[in-house]
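Visitor: A predicted structure for the sequence below; I have some questions about it.
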Amino acid sequence: MRHTLRDIRAGGGMTNVDNAVGQGLTKAQLSRAIEVHPLLAALDDDGRELLARQGRWVFYRTRRSITRGGEVADAVVFLLSGSVRLYSPAVDGREPTLGFLSGPNVLSVDEALTGEPLDAVQVLAASEVIRLSSVSFRWMVEHQSRFAIALCKQQAQNARLRAGTERSFPFEALEARVARLLLRYAATIGQMTADGIVLAHPLSQEALARDLGVSRKLLNQAMMSFKTSGVLVKRRARYCIVDQAALLAQRGRASAHAGGSSPMISRE
């Protein structure tokens, strides 16, 4: 069902969940959102008015869930700050990681447009987001050309990051998969210190095993090789990457062996 801007302004087509919570952005929130998020900056006056009326500003603490896997997408999430982990719903206690995203970015786009079930999204670093109903989002895609073009570029970039994870994790040696995972955590929540790159939040071996979809026993064997060689240490429940070059070399050898390449780490 197609909705006009007048319908959406009047609340037509909004879900029960959206109607049940407070909506609307303050002028300060709208200005900041447009300032920090390139997609929202591409909206024209009508688009910004809709965002101000229907958007909902939410703050998520570390380890909170933004979406749970398998649910229906009733909203798109504009990630203004922070970082998140996308993963598959648990199967046999395992939750394979699909990718990592940092703000500014956008979540649940494909699901909102196609009706597919949501991926699960967990907050890695405290995040500010704007939730916008799927109905309002689809109106923006159909009527805001600059926004739609910017969205295509963002989704293409996200697809490359996600495809790199899905292609490499199942076929690389376990040590290379662990190296890749640690490097992605470093790019997402790593903090540079005199000793190395400290992962800002505690990560258990059980959590890392879930990320890779392997048993804890196998994960422990791979981690021991990095600890024994001095590449990785754990202090006060936080991993510290002492030798990033060694992890990059491990990942590089696996990529060369597979005949492909993986994107360089970036801190955005």
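Guide: Yep, that arrived.
Visitor: Where does the prediction get shaky in the chain?
Guide: 1-22, 89-94, 160-171, 251-268 (pLDDT under 70).
Visitor: Give me the domain ranges for it.
Guide: 5-167, 173-258 (automatic domain parsing).
Visitor: would you list the ones you listed in JSON lines and tack on mean neighbour count?
Guide: C-beta here means a position set from N, CA and C on the backbone, and glycine is covered the same way. Shown next, in JSON lines, are the domains of the chain (neighbours: other CB atoms under 10 Å):
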{"stretch": "domain 5-167", "mean neighbour count": "17"}
{"stretch": "domain 173-258", "mean neighbour count": "17"}
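Visitor: Now A150: closest residue in space, sequence neighbours ignored.
Guide: Nearest residue to A150 in three dimensions, chain neighbours excluded: A42, at 4.5 Å (CB to CB, 6 or more residues apart in numbering).
Visitor: helices or strands up against the stretch of helix or strand G47 belongs to?
Guide: Under DSSP states H and E, the secondary-structure element containing G47 is helix 45-54. Identification of packing neighbours for helix 45-54 by 3 or more CB pairs under 8 Å, 6 or more residues apart in numbering; DSSP states H and E yields helix 5-9, helix 27-36, strand 120-133, helix 134-143.
Visitor: Just confirm the residue nearest to A150 contacts C152, I think it does.
Guide: No. With contact defined as CB atoms under 8 Å, A42 does not reach C152; the gap is 11.2 Å.
Visitor: From L132, how far off is W139?
Guide: Noted for W139: a distance of 10 Å to L132, by CB to CB, to the nearest Å.
Visitor: ditto for A125
Guide: For A125, the distance to L132 - CB to CB - is 22 Å.
Visitor: do R180 as well
Guide: 33 Å.
Visitor: do the same with L218
Guide: 41 Å.
Visitor: Would you check that Q155 makes contact with V109?
Guide: Yes. Q155 is within contact range of V109, at 6.0 Å (criterion: CB under 8 Å).
Visitor: My guess is R180 contacts E172. True?
Guide: Yes. Contact criterion CB under 8 Å: R180 and E172 qualify, at 7.2 Å.
Visitor: all helices for the stretch 101-250 of the chain, in order.
Guide: Secondary structure of the stretch 101-250 of the chain, counting by DSSP state H, counting those that start in this stretch: helices at 109-114, 134-143, 145-168, 174-189, 205-212, 216-228, 244-258.
Visitor: Mind checking the ones you listed for the one nearest to P96?
Guide: Taking CB to CB, helix 205-212 is the member of those nearest to P96, at 6.8 Å.
Visitor: so the closest one versus helix 174-189, what angle?
Guide: Taking axes from the mean of the first three to the mean of the last three CA atoms, to 10 degrees, one finds that helix 205-212 is oriented at 100 degrees with respect to helix 174-189.
Visitor: Send me helix 205-212 as PDB with only the CA atoms.
Guide: Once non-C-alpha atoms are left out, helix 205-212 reads as follows in PDB (Å, rounded to 0.1, in the frame of the first residue of the first chain):
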ATOM      1  CA  GLN A 205      36.100 -16.700  24.400                       C
ATOM      2  CA  GLU A 206      32.500 -18.000  24.500                       C
ATOM      3  CA  ALA A 207      31.400 -14.700  22.700                       C
ATOM      4  CA  LEU A 208      34.200 -15.000  20.100                       C
ATOM      5  CA  ALA A 209      33.300 -18.600  19.500                       C
ATOM      6  CA  ARG A 210      29.700 -17.600  18.900                       C
ATOM      7  CA  ASP A 211      30.900 -14.900  16.500                       C
ATOM      8  CA  LEU A 212      32.700 -17.500  14.400                       C
END
